[in-house]
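Q: pasting the structure only:
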């Protein structure tokens, strides 16, 4: 039984780590979003600022803990950063569209919609990170 659990943990380690760090990234994103809203930024500027902070955190944690990427060659790391940020831009636009429709147009609560949008974004970001940013196949 212990062996089977260990095998499952090894097999799904990157997914488990992504769920942990994806959750932490979501907490950072939603918390900074709420802070920016509280200090007077509109929902779109708050979302963009929170996105910048969350993406920096996500890149570092994804590279080190989720995908255990040991690549240190400057050119390759810069390429990873570019691919990571551009793939995250896609989900930022999606999240902005969700916020525009449900917060700006339909007047739903900003924090509630941000949380819902983050669930969608987390799933898409995992796929994009795994397939694009940290896919170091030559």
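A: Structure received. This is a predicted model, so every value here is computed, not measured.

Q: For this protein, give me the ranges with low pLDDT.
A: For the chain, the stretches with pLDDT under 70 are 136-138.

Q: quick one: the strands in it?
A: Ranges of strands in the chain, per DSSP state E: none exist.

Q: what ranges do the helices span in it?
A: 2-11, 13-38, 43-61, 74-99, 110-128 (DSSP state H).

Q: what comes into contact with stretch 60-71?
A: 14, 17-18, 21, 24-25, 77, 80, 84, 129-130, 133-134, 136 (Cβ atoms under 8 Å, 6 or more residues apart in numbering). C-beta coordinates here come from the backbone N, C-alpha and C atoms, glycine included.

Q: any chance of the residues you listed in JSON lines, plus distance to residue 32 and neighbour count?
A: JSON lines is the format used below for the contacts of stretch 60-71 (distance: Cβ to Cβ, whole Å; neighbours: other Cβ atoms under 10 Å):
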{"residue": "14", "distance to residue 32": "26", "neighbour count": "17"}
{"residue": "17", "distance to residue 32": "22", "neighbour count": "17"}
{"residue": "18", "distance to residue 32": "20", "neighbour count": "24"}
{"residue": "21", "distance to residue 32": "16", "neighbour count": "19"}
{"residue": "24", "distance to residue 32": "12", "neighbour count": "14"}
{"residue": "25", "distance to residue 32": "11", "neighbour count": "24"}
{"residue": "77", "distance to residue 32": "25", "neighbour count": "13"}
{"residue": "80", "distance to residue 32": "24", "neighbour count": "22"}
{"residue": "84", "distance to residue 32": "19", "neighbour count": "21"}
{"residue": "129", "distance to residue 32": "20", "neighbour count": "25"}
{"residue": "130", "distance to residue 32": "25", "neighbour count": "16"}
{"residue": "133", "distance to residue 32": "22", "neighbour count": "25"}
{"residue": "134", "distance to residue 32": "24", "neighbour count": "20"}
{"residue": "136", "distance to residue 32": "30", "neighbour count": "13"}
